[in-house]
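K.L.:
would you be able to build a 3D model of this:
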Amino acid sequence: MSVGRLFVWMVIAGVVLLIAGSIHVQAQTASGKEPRAIIETKFGSMEMRFFPDKAPKHVENFIKLAKSGFYDKTIFHRVIPGFMIQGGDPNTKDEKDKSKYGMGDPGYKVKAEFNDRPHVRGAVSMARSQDPDSAGSQFFIVVKETSHLNGKYTVFGEVVKGMEVADKIVAQPRDARDNPLERIEMTVKSRRVGVPCVNGPVAGSRLGAVTRSSLPGFRMPWGSRHCFRRRNTSSPTPCSRSISGARRTPTP
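P.N.:
Numbering: from 1, shown residues only. Here you go, the predicted structure:
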């Protein structure tokens, strides 16, 4: 094969790869929307977006549970000022037996997907036991940066609207186990929202200088422990208990 013909075939192969990549992006953004979750409480609503590129299985699990109504009527059963609010335990639907709060799950576990997303204010992360692969349904929303949890818990989303609601919840009176004295029930809904076109630098992305003029009409693809206990330390640590009653205790 001559050098000229080889070059032609290389060009053709490159074009095919570009077309394939374009089709993939178009398939992801055909609707121009990405999944979001709305957590409704008596103090207001919080809207969260997901990180499917960082924790695909956790995102899939949360959306599945939300769509099935699993989270509805569960409560934020653990609140620690300066740290987080935690909920998602199906056992909290029972208003009478608080002894099982923090021990529930959906009947299965989700393997850890630790990533580089930090536990900053607004981060949504999965609670777990000492077993890294013990996450289920319980999650927590960080109200103040807790860097000691980075790389040890799976951050799978962040609150983009309504963090003032989390601030109200974390400030509620609580008992010795950090359970709010009054029930704070939640209803979680899943919906899809439009993905805005890129008008300038994309915050948190590697595209930096990509603009509408450089990529006309381009849309960003959406895809681009259950409790917390205190230790003799200045920083409380997230944890959860298994069905057997063994408390799940991640290390800070």
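K.L.:
am I right that S99 is in a helix?
P.N.:
Yes - assessed by DSSP: H, G, I helix; E, B strand; the rest coil, S99 belongs to a helix.
K.L.:
quick one: it from M126, how far?
P.N.:
S99 sits 23 Å away from M126, going by Cβ to Cβ, to the nearest Å. Just so you know, the C-beta spots here come from the backbone N, C-alpha and C atoms, and that holds for glycine as well.
K.L.:
equivalent analysis for G44, please.
P.N.:
23 Å.
K.L.:
more neighbours, the two?
P.N.:
Using other Cβ atoms under 10 Å as the criterion, G44 and M126 rank with M126 on top: 28 against 14.
K.L.:
got the contact list for the more buried one?
P.N.:
M126 makes contacts with 58, 110, 135, 138-140, 153-154, 156, 225, as judged by Cβ atoms under 8 Å, 6 or more residues apart in numbering.
K.L.:
give me the nearest residue to it, chain neighbours excluded.
P.N.:
A135 (4.0 Å; Cβ to Cβ, 6 or more residues apart in numbering).
K.L.:
test my guess that that neighbour contacts Y108.
P.N.:
No - the pair A135 / Y108 is not scored as a contact, 10.0 Å apart, by Cβ atoms under 8 Å.
K.L.:
which one's more surrounded, the two?
P.N.:
More neighbours surround A135 than the other of A135 and Y108, with 31 against 9 (other Cβ under 10 Å).
K.L.:
from what I can see R36 touches R49, true?
P.N.:
Yes - judged on Cβ under 8 Å, R36 makes contact with R49 at a distance of 5.5 Å.
K.L.:
which stretches in the stretch 1-150 of the chain count as strands?
P.N.:
Using DSSP state E, counting those that start in this stretch, the strands of the stretch 1-150 of the chain run over residues 33-41, 44-50, 76-80, 84-87, 123-126, 139-142.
K.L.:
need the ones you listed in JSON lines with distance to R117 and mean pLDDT, can you?
P.N.:
Formatted as JSON lines, the strands of the stretch 1-150 of the chain follow (distance: least, Cβ to Cβ, whole Å; pLDDT from 0 to 100):
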{"stretch": "strand 33-41", "distance to R117": "16", "mean pLDDT": "93"}
{"stretch": "strand 44-50", "distance to R117": "11", "mean pLDDT": "98"}
{"stretch": "strand 76-80", "distance to R117": "21", "mean pLDDT": "97"}
{"stretch": "strand 84-87", "distance to R117": "15", "mean pLDDT": "98"}
{"stretch": "strand 123-126", "distance to R117": "7", "mean pLDDT": "98"}
{"stretch": "strand 139-142", "distance to R117": "11", "mean pLDDT": "98"}
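K.L.:
of all those, which lies closest to D116?
P.N.:
strand 123-126 (12.0 Å; Cβ to Cβ).
K.L.:
residues near the residue lying closest to A123 once chain neighbours are set aside, how many?
P.N.:
Leaving aside its chain neighbours, A123 sits nearest to V142 (4.5 Å; criterion: Cβ to Cβ, 6+ apart). Neighbours of V142 under the rule other Cβ under 10 Å: 25.
K.L.:
hey, what's V142 bridged with?
P.N.:
M84 (DSSP bridges).
K.L.:
quick one, what contacts it?
P.N.:
Counting by Cβ under 8 Å, 6+ apart, the residues that V142 touches are 83-84, 119-125.
K.L.:
and stretch 38-48, what's buried?
P.N.:
Neighbour counts using 16 or more other Cβ atoms under 10 Å place 38-41, 43, 46-48 of stretch 38-48 among the buried residues.
K.L.:
same thing with stretch 51-64?
P.N.:
51-52, 54-55, 58-59, 61-63.
K.L.:
then stretch 95-114?
P.N.:
Buried residues in stretch 95-114 (16+ other Cβ under 10 Å): 101-106, 109-110, 112-113.
K.L.:
quick one: low-confidence parts of the stretch 51-200 of the chain?
P.N.:
Across the stretch 51-200 of the chain, the stretches falling below the confidence threshold (pLDDT under 70) are 194-200.
K.L.:
one more time with 80, if that's ok
P.N.:
Applying pLDDT under 80 to the stretch 51-200 of the chain flags the ranges 193-200.
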